[in-house]
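In: Provide a 3D model corresponding to the input given below.
(4 chains)
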There are 4 protein chains.
Amino acid sequence: MDTYNQIPKILSFVLCVLAFAQVKAQEQKGPQMTPEMTEFWDHKVPIISPGEITENAAMTAPSDALVLFDGKDLSKWESVKGGPAKWIVENGVFTVNKGTGDIQTIEKFNDFQLHIEWKVPENITGKSQFRGNSGIYLQGRYELQVLDNYNNPTYSNGQAGSIYKQTPPLKNAMRAPGEWNVYDIIYTAPRFKEDKTLFSPGRVTVIHNGVVIQNNTQIKGHTPFTGLPKYTYHEKGSIKLQDHGDPSEPISYRNIWIREL
Amino acid sequence: MDTYNQIPKILSFVLCVLAFAQVKAQEQKGPQMTPEMTEFWDHKVPIISPGEITENAAMTAPSDALVLFDGKDLSKWESVKGGPAKWIVENGVFTVNKGTGDIQTIEKFNDFQLHIEWKVPENITGKSQFRGNSGIYLQGRYELQVLDNYNNPTYSNGQAGSIYKQTPPLKNAMRAPGEWNVYDIIYTAPRFKEDKTLFSPGRVTVIHNGVVIQNNTQIKGHTPFTGLPKYTYHEKGSIKLQDHGDPSEPISYRNIWIREL
Amino acid sequence: MDTYNQIPKILSFVLCVLAFAQVKAQEQKGPQMTPEMTEFWDHKVPIISPGEITENAAMTAPSDALVLFDGKDLSKWESVKGGPAKWIVENGVFTVNKGTGDIQTIEKFNDFQLHIEWKVPENITGKSQFRGNSGIYLQGRYELQVLDNYNNPTYSNGQAGSIYKQTPPLKNAMRAPGEWNVYDIIYTAPRFKEDKTLFSPGRVTVIHNGVVIQNNTQIKGHTPFTGLPKYTYHEKGSIKLQDHGDPSEPISYRNIWIREL
Amino acid sequence: MDTYNQIPKILSFVLCVLAFAQVKAQEQKGPQMTPEMTEFWDHKVPIISPGEITENAAMTAPSDALVLFDGKDLSKWESVKGGPAKWIVENGVFTVNKGTGDIQTIEKFNDFQLHIEWKVPENITGKSQFRGNSGIYLQGRYELQVLDNYNNPTYSNGQAGSIYKQTPPLKNAMRAPGEWNVYDIIYTAPRFKEDKTLFSPGRVTVIHNGVVIQNNTQIKGHTPFTGLPKYTYHEKGSIKLQDHGDPSEPISYRNIWIREL
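Out: Below is the predicted model:
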């Protein structure tokens, strides 16, 4: 287990060496940023318990929604590498198939309401970012973090429900491994001017297990592992799910539907 | 039943006579507005079916919520006229007690997430605004309409889920009489400047039975029956529920909780 | 002069009769609004003196501006009725040519910074709205009022610098008849969604003779004489100047330039 | 002169060594950011010529403005170190007195319109950030850059008219050394919630020599030399002017007035 603790340190060291090495090549600009520079470690997100639900409680999609996964197949999805999505469908849920890459919806969207449920295995192991890591990329670009943060601290702007490397969730409303988490997402896409510069930033509200954790949060740009968020012109985009490839057991999804707003 | 159809006409006639009569007294300003002048009849809100839920599906309040009604008593509420709330508690729900007046929370709030469920009786009668009319007043001032609009057309900015006389809901996601409707409300209070003029208007997102029907809607001011919305300085405010007093059977509420944001 | 005082009364009477007459034809909706119903008479805008300028002080357009009037001709303008603009150019200024109709720029714009100067004759007569009335329509739709309000009270949301029938100016910074007034206008156009409904409202900042009188004001829709503002889908639009046709002496303009933002 | 070119390189090297050295002490978080990491070098701000003004053109303050400097004394200012402001008043202008520290207004403000004029000496020397560097700190915290960028390139989010290390100006509308530059600033202060977290960010519009260079720009937080902008709760604040202490000739200010909005 201690290996997990060491990974950030080793990573930091390697990256600083790399950064240092880049100085010659980029003297005008100085050293480059490292991933740790955009992690918030000081802010602690309060942990709460979401409401308890009756067993087998479920709600189907509204009649005007597009069902993106109905428990049967991945026909609405494709691999980001091209070709059909190769994640594993079983028992009404689908699970990350490590190494097959991210998957995304074939249809593209602008503003939307998205309902999506996700679960990490009951026997999950790993720590910090290496424990059930995945992500929901709004319009393929803006990552809403998926991670098991039930009794698993990490940097606050990288925990479940954060806009990755930007804005921590207001509360940690995680259910335990083996239980289903629900995200209800209300998303307003950024708008661009005729000259393709930003007109208005994206905005997102996220309700996690019934609890508002992002309240009309302004998205600052894309959500890179290293460096600062930036906006680049784009049109409609897919919902993309991340095959993060960390050593922990893989994450599953179910009951996904979307309504354009 | 035709009586209900006639009411608007009669009302219009009376009001116009009144308006006309006021001209003498208020010559500088001309005739006064009537309630019909702020009704939107042209816009039709699309009707959809919300998701179907499993029987007895329920979710309790999150651990950081203040439960405003737990099925037992109205101890968190008071009559707007003063004194204890006199609505009727029975079988885990409470019901409007006509003529006893509006009730409001004793505690006052600024920004919040509010969960509230409401139901009209299965045998409801009446038409348009005279059929299960009540209302949820955010901070005691800004009415989110409660009305039975299942197969019951009315002006769009007066139907269930509208910000009354301002903004129609995006969709009509009503459940049938006898079934419970759910509002999940995310509210940002207006802010005022030191001189008590408006700094930023209120904003509200409403999810009706799982469907976004108000998407970060800007509130234009208070929600009067007659005339234009205006903002007047205020501080924190109660959640107020309306005893509308129309001739139809009374409305019931249950499972109410609030989280300050 | 008393005639001017009587006009509103007479107008009110006529309009109320008309409104009353319409009840039969439109019983479902009741009486129609009259223009007076959207006038704000209670709010008084504070009067201040703008800074004094040295004689013959002037500034030419920035190098990246499009000069809409350089003192010589109206080649950048056209009549709204079609054909060339027929207003009168003389001594480096142009003046409303009553009855020839509004004029508008041939080029159309989205977001912009607009500099424009206007003057009412030194010997102007008339009262309230009947004294040097014109208007600058942003994108041909949203009227920034032009009127002589130097010692001439009117309803506050109809005075110089108001977004007509919507938002009064913060201050009355008028120069006296015969002196030039300057408007520096920073305008953000509304945006519409793919389905042509409103995405974000227009916004405008107006600096009148060096004084901020509209501070990033949200535009509520078009600016009708009667009724409520509404948004209707549009693309880029012209700058339109109003030939109001009131009995007072006509207004003049000069030194007009625009920069797209 | 070449020395100026070398300074950034030397600075970068030293800072990277320092950053590297900090790794041991702060292993959990990796290397610290350096100032260069928040400089934007790729984006080039278009250079334009502002309008030409007639000689001796001037405008006094509006009647409702508070005059912060009338050409005579610094009685409205104090040293940030405490005690009276020690900058030099001569011929109706005041000039940075190097080493005496920043000065700030005694009065504090919330939202405002600020008019301020500044000039670098005709014989200015130095390059990039080392040429007439000063700054106007809105509410004592948010720096609007003052720098001679007439034929003097630097990183775009550090040039005259930038919100320092945040947002470059839309255009470079500089007048030449020896000529007066004018900033007209419309500022909306950030608002905070009861718990002192941010409610709404600050916003600023800047007009430089008649040209809009910041158009209702959202301020991202304070404006540090190193690291990312953050918001910390504050109330009203002063206008602060920077004694930057670079080796170039000092900058002068005149004709400063403010109007609370």
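
In: identify the residues contacting A:D246.
Out: Residues in contact with A:D246 (C-beta atoms under 8 Å, 6 or more residues apart in numbering or on different chains) are A:G126, A:Q129, A:F130, A:R131, A:N133. Just so you know, the C-beta spots here come from the backbone N, C-alpha and C atoms, and that holds for glycine as well.

In: checking the second one next. Helix, strand or coil?
Out: Same thing as A:Q129. Look at A:Q129: counting by DSSP: H, G, I helix; E, B strand; the rest coil, its state is coil.

In: wait, does stretch A:198-218 contact chain C?
Out: Yes - judged by C-beta under 8 Å from any C-beta of the partner chain, stretch A:198-218 comes into contact with chain C through A:F199, A:S200.

In: endpoints of stretch A:120-129, how far apart?
Out: End-to-end distance of stretch A:120-129 (C-alpha to C-alpha, to the nearest Å): 13 Å.

In: hang on, the earlier thing: for the contacts of A:D246, which one is nearest A:P190?
Out: The shortest approach to A:P190 among these belongs to A:N133, at 25.5 Å (C-beta to C-beta).

In: correct me if wrong: A:Q113 contacts A:R259.
Out: Yes - between A:Q113 and A:R259 there is a contact under C-beta atoms under 8 Å: 4.5 Å.

In: now do the shared contacts for those two.
Out: B:V211, B:V212.

In: name the residues of the stretch 151-261 of chain A found near chain C, please.
Out: Residues of the stretch 151-261 of chain A lying near chain C (C-beta under 8 Å from any C-beta): A:R191, A:K193, A:E194, A:F199, A:S200.

In: hang on, the second one packs against A:F199?
Out: Yes - with contact defined as C-beta under 8 Å, A:K193 reaches A:F199; the gap is 4.8 Å.

In: are stretch A:68-82 and chain B in contact anywhere?
Out: No - applying C-beta under 8 Å from any C-beta, one finds stretch A:68-82 out of contact with chain B, separated by at least 12.7 Å.

In: and that stretch, C-alpha only, in CSV?
Out: In CSV, the C-alpha atoms belonging to stretch A:68-82 read as follows (Å, rounded to 0.1, in the frame of the first residue of the first chain):
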residue,chain,number,x,y,z
LEU,A,68,-27.9,6.7,-23.5
PHE,A,69,-27.7,3.4,-21.8
ASP,A,70,-30.7,1.2,-21.0
GLY,A,71,-28.8,-1.8,-19.6
LYS,A,72,-28.5,-3.7,-22.8
ASP,A,73,-25.8,-2.4,-25.1
LEU,A,74,-23.4,0.4,-26.0
SER,A,75,-25.0,1.2,-29.3
LYS,A,76,-25.1,4.9,-28.4
TRP,A,77,-21.4,5.0,-27.7
GLU,A,78,-18.1,4.6,-29.6
SER,A,79,-14.5,4.3,-28.7
VAL,A,80,-12.5,7.6,-28.7
LYS,A,81,-9.8,5.7,-30.6
GLY,A,82,-12.4,4.9,-33.3
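
In: and it, how far out from the chain's middle?
Out: Centre-to-centre, stretch A:68-82 and its host chain are 18 Å apart (C-alpha atoms, centre = their mean, to the nearest Å).

In: need the strands for the stretch 51-200 of chain A, in chain order.
Out: Here the stretch 51-200 of chain A has its strands, by DSSP state E, counting those that start in this stretch, at A:66-69, A:77-79, A:88-90, A:93-95, A:103-105, A:112-119, A:134-138, A:142-146, A:181-188, A:191-192, A:198-200.

In: what about the residue of the stretch 51-200 of chain A found nearest chain C, distance to chain D?
Out: Taking C-beta to the nearest C-beta as the measure, the stretch 51-200 of chain A has A:R191 as its residue closest to chain C, at 5.9 Å. According to C-beta to the nearest C-beta, to the nearest Å, A:R191 stands 15 Å off from chain D.

In: how about that residue, nearest residue that isn't a chain neighbour?
Out: A:F199 (4.3 Å; C-beta to C-beta, 6 or more residues apart in numbering or on different chains).

In: pretty sure that neighbour sits against A:Y231.
Out: No - A:F199 is beyond contact range of A:Y231, at 9.9 Å (criterion: C-beta under 8 Å).

In: who touches both of these two?
Out: Shared contacts of A:F199 and A:Y231, defined by C-beta under 8 Å, 6+ apart, are found at A:P190, A:F192.

In: distance check, A:N157 against chain D.
Out: Distance from A:N157 to chain D, counting by C-beta to the nearest C-beta: 11 Å.

In: so the residue lying closest to that residue once chain neighbours are set aside: helix, strand or coil?
Out: Distance criterion C-beta to C-beta, 6+ apart; nearest residue to A:N157, sequence neighbours excluded, is A:F40 at 4.5 Å. At A:F40 the chain is in coil, as set by three-state DSSP.

In: contact partners for whatever residue of chain A ends up closest to chain B?
Out: Closest residue of chain A to chain B, C-beta to the nearest C-beta: A:A57 (3.5 Å). If you count contacts by C-beta under 8 Å, 6+ apart, A:A57 has them with B:I53, B:T54, B:N56, B:A57, B:A58, B:M59.

In: now do the contacts for the third one.
Out: Read that as B:N56. With contacts defined as C-beta under 8 Å, 6+ apart, B:N56 is in contact with A:T54, A:A57.

In: swap in 10 Å and give it another go.
Out: Counting by C-beta atoms under 10 Å, 6 or more residues apart in numbering or on different chains, B:N56 touches A:T54, A:E55, A:N56, A:A57.

In: can you put the residues you listed in CSV and add pLDDT?
Out: Formatted as CSV, the contacts of B:N56 follow (pLDDT from 0 to 100):
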residue, pLDDT
A:T54, 86
A:E55, 82
A:N56, 81
A:A57, 85
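
In: check contacts around the residue nearest to A:P190 when sequence neighbours are not counted.
Out: What sits nearest to A:P190 in space, not counting adjacent residues and going by C-beta to C-beta, 6+ apart, is A:G202, at 4.3 Å. With contact set as C-beta under 10 Å, 6+ apart, A:G202 has these partners: A:111, A:138-139, A:141-142, A:163, A:187-191, A:217-221, A:231.

In: now, those residues that are in helices?
Out: Under the assignment DSSP state H, the contacts of A:G202 contribute nothing to helices.

In: how about the contacts made by the closest residue to A:K220 other than its chain neighbours?
Out: Nearest non-adjacent residue to A:K220, counting by C-beta to C-beta, 6+ apart: A:P229, 4.2 Å away. Applying C-beta under 10 Å, 6+ apart, we find A:P229 in contact with A:T38, A:Y142, A:I163, A:Y164, A:K165, A:Q166, A:P201, A:I219, A:K220, A:G221, A:H222, A:T223.

In: so what's the residue count around the fifth one?
Out: By that I understand A:K165. Neighbour count of A:K165, defined by other C-beta atoms under 10 Å in any protein chain shown: 24.

In: show the pLDDT at it.
Out: Per-residue confidence at A:K165 stands at 95 (pLDDT).

In: likewise the first one?
Out: The pLDDT attached to A:T38 in the predicted structure is 87.

In: residues touching the closest residue to it other than its chain neighbours, list them.
Out: Spatially, and ignoring its direct neighbours in sequence, A:T38 is nearest to A:K165 (4.7 Å; C-beta to C-beta, 6+ apart). Contacts for A:K165 (C-beta under 10 Å, 6+ apart) come out as A:35, A:37-40, A:143, A:145, A:155, A:157-158, A:220, A:222-229.

In: over to A:K193?
Out: If you count contacts by C-beta under 10 Å, 6+ apart, then A:K193 has A:F199, A:S200, A:Y233, C:N110, C:D111, C:R191, C:E260, C:L261 around it.

In: just the buried ones from those residues?
Out: When the contacts of A:K193 are checked for burial by 16 or more other C-beta atoms under 10 Å in any protein chain shown, the buried set is A:F199, A:S200, C:N110, C:D111, C:E260, C:L261.

In: count of neighbours near the residue of the stretch 101-250 of chain A found nearest chain D?
Out: Nearest residue of the stretch 101-250 of chain A to chain D, counting by C-beta to the nearest C-beta: A:L228, 7.7 Å away. If you count neighbours by other C-beta under 10 Å, A:L228 ends up with 17.

In: done for today, thanks.
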